[in-house]
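Q: The sequence and its predicted three-dimensional model are supplied below.
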Amino acid sequence: MRKLLSRFRYHILIFFAVIGPGFITAVVDNDSGGIYTYSAAGAKYGYLPLWTLLPITFVLIIAQEMCSRMGAVTGKGLSDLIREEFGLRITFIMMVLLVLVNLTNVMAEFAGVASSLELFHVSRYISVPLAAIAVWFLVVKGNYRSVEKIFLFSCVLYVTYIISGFLVKPDWKEAALYSVKPVLLLDSGYIYMLIGMVGTTIAPWMQFYLQSAVVEKGVTAKEYAASRIEVVVGCIMTNVIAFFIIVACAGAIYSIRPRDIQDAGEAALALKPFGQYAFLLFSAGLFNASIFAACILPLSTAYSVCEGLGFEAGVNKSLREAPIFYFLYTALIVLGAGVVLIPHFPLVRMILLSQVLNGVLLPLVLIFMVFLINKVDLMGEWVNSRWFNLATWATVIVMIGLTLAQVGIAVRGTP
Amino acid sequence: MTDDFLFFTELLGMPVLDLKGRRIGRVKDAALVPLVHSSRIDRFLVTGGLTWLTIRYDQIRSISLDKGISLSDEILTPYHDDEYMLRIGRDLLDQQIIDVTGRKVVRVNDVTLEIQTDGARDSLTVLEVDVGLRSVLRRLLQGALPPRWIRSLQSRIPPNSIRWEFANVIEPDPLRRLRLNISYEKLEGMHPADLADIVEELSPAEREAIFETIDSEVAADTLSEVEDPKMQARILEALEPEKAADIVEEMAPDEAADILSELEEETSEEILEEMDSEPKTEVRELLEFEDDTAGGLMNTEYISLHENASVNDALAALKGNEDLLDGLNTLFLIDEEERLIAAVPLARLFLAAGDAKLRSLAVDTLIQASVDQGQDRIALLFDKYNLLTLPVVDEDGKLAGAITADDIISLLRQK
């Protein structure tokens, strides 16, 4: 009996020991861009798009699971593996794309910080520089373990969206119905919106971040079962939050008068008639999501690039030991925050550009991932099973198709 | 123009000419046969029709960047995978190696080869492993620009290379390690703390390979320098129980107990079974205590003498316990029932006459802790009384062990 208890305790401990990477990656997926996409969907089409959340969850789980499995089994980051198996030139091209995509993403996050705090009448010329400095110090001066705790706490703050969803008092019956009932409208705006929702789901940087975080955490193949549960739960949570964002905007905007919204801040303002708290929670959630992603993106980019190209990396190294790492990390934050402060900077166009680059890079990353995970000398008994491969390839093809469609639309302009 | 060096990237794709100066193929890879020679390129792998051909080093007349490779013997054998070859392109390029002098893990971008001429023929030996920006540039441009241009372009960037003698290839597969004559002896000369830093950066399989092969004493010192207790446990878990037991025996019992308590009970039992009986009982006793009490912190390696002993007795006791001398700074005096009576700072022995009673050299107030005292309280005692060593006694006042300042430093660092 005592032995049984000790085993049980051991397994519980393992579960808590692996928690972190999966949750954080999945939740950061709902960054300022994601929140805008979901708000816009709810504002214009109400409860209709809710059904896409189920397949989105599935696709997210497939992609995330592969990365955390590769991390646990090989103990190496994704860019390490790509470098070792595909050589320097391919890695270099991927890393250049990754830096560009992530730079535009960082810009979007700082724009989110600016607009969420402007709702509280804080000028962006104060909020953005302060946020940038805070982000830089948090990661450079903290250690990974304490930073991860802050990140996990940040994940908890997403609960604000669930509460504001309830405060709006949406039509729960409709919400439940449309969550499982697929509706396709032959309306170009609707289709564009669906593509956008799926398109923001899997970003290239997430794959790199998740795998490195799993490695950093020291998860091994033996504990992988616990890690897999974490990934699945994280992905479900993420989409539960997305559900509440859509529902809140559907209840607050769509049921009064369906319309296009220009940014997530506008969605927050529309919640004001439903009480000060609904508005406060929604905007606080937006600020949290933006600053959270602004912390992770530059760090993850600098890590991936240095790992892949063989430069020293890590916040526990000194500036002299890892100059390129610190240069990249700092440059991403300074540039990302800087452009938000330039008056008349074409920020919207930059974000569209990031979607295009994202679309170019994502298929590459996904295809490399499938090749890597099927290599027996890397993965041993942990290679994909036949059915999993089928599901994976289907996911990859669907994602590539949708992303390319999104790129096409972005290039030609919104219909 | 003759050079005395050649980069591996330049060798790749270099034309191979037969006796009449006709091109028979291009170089695809080059290999060392470490069991024969540690640095001479022994085989060149060349495309020839449908298969690859193997050229032995003594079949070559000349090698030059501008003219390629000219043969002196045309009887070439087809390439079949030879397990005794360390192929530069496949096994070294883009992989991680350990830089023994720089004490870090680096990724190989390129390899510098030396062209040696003995009048009749040219041969290549591996001179340096190239890392850093310069070799990245060379790799990226190779094939796109003429090699001479690349050489002059890169000359502006300072080189960053590791001498081949100080580069340690990492190979997880034990059989292949044997065939390629790879050992980790070079690592044994490093400071355990540096080696621990390196080990922390490697993947689990590579970590295991190093601990499996290095000397148990070095392995024990290194393992105790690994910062993350979870990683320490992982490493031990992955080893064969016999090897793990050898390492644990070499460790201080308190550290050994700490690591074993992180393991699943079955695994730690297996390791304990394999240990010699004396260290086993000590570790077992320590395992009984809770981690966060004096009992969990203390070490059972100390020197105690009878309360009536003289300085000469103490010197004799020191001679009998030479392995404890490194960290020792206090002697303990006990009565017939092993109850702690006094503590004598080691340095006081130097100024005392040989027949002086130790009792007269003891500190005025004896500070001690009981085995179940909490760790925070212990840290407080160290701070308050500026202790280097604190004796720990059981319920009956018998000396059970001692806590040293380094235990407290690790304790505080972990918080």
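A: Good, I have the coordinates.
Q: Kindly check the end-to-end length of stretch B:55-73 for me.
A: End-to-end distance for stretch B:55-73, by Cα to Cα, to the nearest Å: 9 Å.
Q: which other residues reach it?
A: Applying Cβ atoms under 8 Å, 6 or more residues apart in numbering or on different chains, the set of residues contacting stretch B:55-73 from outside is B:1-3, B:6, B:10, B:14-19, B:21, B:23-24, B:27, B:40-46, B:74-76, B:115, B:120-124, B:147-148. C-beta here means a position set from N, CA and C on the backbone, and glycine is covered the same way.
Q: and if you look at stretch B:43-50?
A: With Cβ under 8 Å, 6+ apart, stretch B:43-50 has contacts from B:16, B:24-31, B:33, B:52-57, B:60, B:69, B:76, B:78-79, B:82, B:85, B:87.
Q: Buried only: go through the residues you listed for me.
A: Buried members of those, scored by 16 or more other Cβ atoms under 10 Å in any protein chain shown, are B:16, B:24-25, B:27-31, B:33, B:52-55, B:57, B:60, B:69, B:76, B:79, B:85, B:87.
Q: Could you tell me how many residues sit around the residue of the stretch 1-150 of chain A found nearest chain B?
A: Taking Cβ to the nearest Cβ as the measure, the stretch 1-150 of chain A has A:Gly75 as its residue closest to chain B, at 3.2 Å. The local packing of A:Gly75 (other Cβ atoms under 10 Å in any protein chain shown) involves 21 other residues.
Q: That one reaches B:Glu200, doesn't it?
A: No - in this structure A:Gly75 lies outside contact range of B:Glu200 using Cβ atoms under 8 Å: 11.1 Å.
Q: Tell me who's in contact with the closest residue to the residue of the stretch 1-150 of chain A closest to chain B other than its chain neighbours.
A: Excluding its sequence neighbours, the residue lying closest to A:Gly75 (Cβ to Cβ, 6 or more residues apart in numbering or on different chains) is B:Ser203, at 3.2 Å. For B:Ser203, the contact set (Cβ under 8 Å, 6+ apart) comprises A:74-76, A:215.
Q: Could you check how far B:Ser203 is from B:Leu180?
A: 19 Å (Cβ to Cβ, to the nearest Å).
Q: With A:Ala203 instead?
A: 41 Å.
Q: Those two - which one has more neighbours?
A: A:Ala203 (26 against 20).
Q: what's near enough to touch that one?
A: Contacts of A:Ala203 (Cβ under 8 Å, 6+ apart): A:29, A:101, A:105, A:358, A:362.
Q: Excluding chain neighbours, what is closest to the residue of the stretch 1-150 of chain B at minimum distance from chain A?
A: Nearest residue of the stretch 1-150 of chain B to chain A (Cβ to the nearest Cβ) works out as B:Arg107 at 3.0 Å. In space, and not counting its chain neighbours, B:Arg107 is closest to A:Gly310: 3.0 Å by Cβ to Cβ, 6+ apart.
Q: How about A:Thr52?
A: Leaving aside its sequence neighbours, A:Thr52 sits nearest to A:Met197 (Cβ to Cβ, 6+ apart; 5.5 Å).
Q: again with B:Asn312
A: Per Cβ to Cβ, 6+ apart, closest to B:Asn312 is B:Gly354, 4.7 Å.
Q: and the stretch 101-250 of chain A, which of its residues are near chain B?
A: Contact residues, the stretch 101-250 of chain A versus chain B (Cβ under 8 Å from any Cβ of the partner chain): A:215, A:218, A:220.
Q: go again using 6 Å as the cut-off
A: A:218, A:220 (Cβ under 6 Å from any Cβ of the partner chain).
Q: Could you list the low-pLDDT ranges of the stretch 101-250 of chain A?
A: Applying pLDDT under 70 to the stretch 101-250 of chain A flags residues A:143-144.
Q: mind redoing it with 50?
A: Applying pLDDT under 50 to the stretch 101-250 of chain A flags no residue at all.
Q: Name all residues that make contact with the residue in it that chain B sits nearest to.
A: Going by Cβ to the nearest Cβ, chain B is nearest to A:Gly218 of the stretch 101-250 of chain A, at 5.4 Å. Shown in contact with A:Gly218 (Cβ atoms under 6 Å, 6 or more residues apart in numbering or on different chains): B:230-231.
Q: let's go with 8 Å and repeat that
A: Listed by Cβ under 8 Å, 6+ apart, the contact set of A:Gly218 reads B:228, B:230-231, B:234.
Q: which among those gets closest to A:Tyr190?
A: B:Lys230 (49.1 Å; Cβ to Cβ).
Q: if I look at the closest one, how far off is chain A?
A: 6 Å (Cβ to the nearest Cβ, to the nearest Å).
Q: ok so that residue is a strand residue?
A: No - checked against DSSP: H, G, I helix; E, B strand; the rest coil, B:Lys230 lies outside a strand; its state is helix.
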